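**Student:** fold the following for me, if possible:
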Amino acid sequence: MKPLATLLAFLAILLSSFHPNLWHYQLQDANKDALTTVPASFIVVDPDDASLTPQDLVRLHRAGKKVLAYLSIGEAEDYRDYWVDWKVGSPDFIIEENPEWKGNYIVRFWDSRWKQIVFRRADELLALGYDGLYLDRVDVYEWWQERGEERARDRMVEFVCEISRRMKSVRPGFLIIPQNAVELYEDEGYKRCIDGVGKEDTWFMDDDRRVPHELRYLREVKRDGKPVLAVDYPTRAEHVCAFYQLCSQEGFYCTVSNRELNLGEPMACNR
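**Tutor:** Numbers count the residues shown, from 1 in each chain. Here you go, the predicted structure:
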């Protein structure tokens, strides 16, 4: 490579590490006024926490934000309005509490009763004016596979595509962005159903351990012209900066937060 080309390549990497495409992920303590000034193209909020009205969403749209509603489809949460004196085994699609997240319960996600709860919630969020859904616990299919449910992967693909078709039949541009389980992008049907992916812990864990990253599927999503929303949870300043540099070099949307997801804006690289 010629010296000038080498210098330009170096400058491009340097600039990308300081000017990433930012997104914002906040599931607790979101403030609708503060959200309008967050330097991010995409915002993901918990609708029950943010309590955004249609007017609030119009205001955020005018500020250049696409706002996605967080929706867990693989676990039930005992702080949602659908939870009425439920417990493990009652109803029988409530299987087991997640030991890492108190109040979250693994569900038999292909059960028609659970699907109707998710569909009803998705319909409400579309009607409010959200730009799309950010689907969590898609990866719960792995838990079921480990327990002998051979069709768990196919059933999750079917479920995500059912949600997608239902939403897009009302609003064709409505976004469906699942978090994690990026290997499902191998499925051609799934690939057509989703509009991007979210990915946690691609380079760093919240204890600052480096993780072995697999970028093949994320790069394929990016090549298909769909956004990749990457979030890591490092705490050391040098790892925050390293994440932004690595993420930006891939052309992904990037954010650093804490695992509680209660920060008012993306954690910055301060160097």
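**Student:** count the neighbours of residue 192 for me.
**Tutor:** Residues lying near residue 192 (other C-beta atoms under 10 Å) number 9. Glycine gets a C-beta too; all of them are placed from N, C-alpha and C.
**Student:** gap between it and residue 223?
**Tutor:** According to C-beta to C-beta, to the nearest Å, residue 192 and residue 223 sit 15 Å apart.
**Student:** just name the shakiest helix or strand of this protein by mean pLDDT.
**Tutor:** Across the helices and strands of the chain, mean confidence by mean pLDDT, DSSP states H and E is lowest for helix 3-18: a mean of 40.
**Student:** helix, strand or coil for the nearest residue to residue 184 once chain neighbours are set aside?
**Tutor:** Take residue 184 and drop its neighbours on the chain: the residue closest to it by C-beta to C-beta, 6 or more residues apart in numbering is residue 190, 4.9 Å away. Look at residue 190: counting by DSSP: H, G, I helix; E, B strand; the rest coil, its state is helix.
**Student:** neighbouring contacts of stretch 157-172?
**Tutor:** When contacts are defined by C-beta atoms under 8 Å, 6 or more residues apart in numbering, stretch 157-172 is touched by residues 73, 109-110, 115, 118-119, 122-123, 126, 132-133, 135, 138, 174, 176, 178, 184, 187, 189-190, 193-194.
**Student:** residue boundaries of the strands in the stretch 101-250 of the chain?
**Tutor:** 104-107, 132-136, 175-178, 197-200, 228-232 (DSSP state E, counting those that start in this stretch).
**Student:** and the second one with strand 228-232, angle?
**Tutor:** Direction vectors for strand 132-136 and strand 228-232, defined by axes from the mean of the first three to the mean of the last three C-alpha atoms, to 10 degrees, enclose an angle of 50 degrees.
**Student:** mind listing what residue 206 touches?
**Tutor:** Counting by C-beta under 8 Å, 6+ apart, residue 206 has contacts 233, 234, 235, 258, 259.
**Student:** if you set the cut-off to 7 Å instead, what comes out?
**Tutor:** Under the criterion of C-beta atoms under 7 Å, 6 or more residues apart in numbering, the neighbours of residue 206 are 233, 235, 259.
**Student:** what's the burial count for the second one?
**Tutor:** Using other C-beta under 10 Å, residue 235 has 15 other residues around it.
**Student:** excluding sequence neighbours, find me the nearest residue to residue 98.
**Tutor:** residue 104 (4.4 Å).
**Student:** was I right to think the one you found contacts residue 74?
**Tutor:** No. Using C-beta atoms under 7 Å, residue 104 is not in contact with residue 74, being 9.4 Å away.
**Student:** more neighbours: those two, which one.
**Tutor:** For residue 104 versus residue 74, the count of surrounding residues by other C-beta under 10 Å is larger for residue 74: 24 against 19.
**Student:** list the residues that contact that one.
**Tutor:** Counting by C-beta under 7 Å, 6+ apart, residue 74 has contacts 107, 109, 137, 138, 140.
**Student:** repeat for residue 195
**Tutor:** 132, 175, 176, 177, 226.
**Student:** what's the answer for residue 32, then?
**Tutor:** Per C-beta under 7 Å, 6+ apart, neighbours of residue 32: 50, 52, 56.
**Student:** again with residue 21
**Tutor:** 41, 253, 254.
**Student:** tell me the pLDDT at the second one?
**Tutor:** Translated: residue 253. Model confidence at residue 253, given as pLDDT, is 98.
**Student:** tell me, how many residues neighbour residue 253?
**Tutor:** Residues near residue 253, counting by other C-beta under 10 Å, number 21.
**Student:** so it bridges to which residues?
**Tutor:** Applying DSSP bridges to residue 253 gives these bridge partners: residue 21, residue 229.
**Student:** is it true that it touches residue 229?
**Tutor:** Yes. With contact defined as C-beta under 7 Å, residue 253 counts as touching residue 229 (4.9 Å).
**Student:** okay, and the common contacts of these two?
**Tutor:** Contact criterion C-beta under 7 Å, 6+ apart; residues shared by residue 253 and residue 229: 23, 42.
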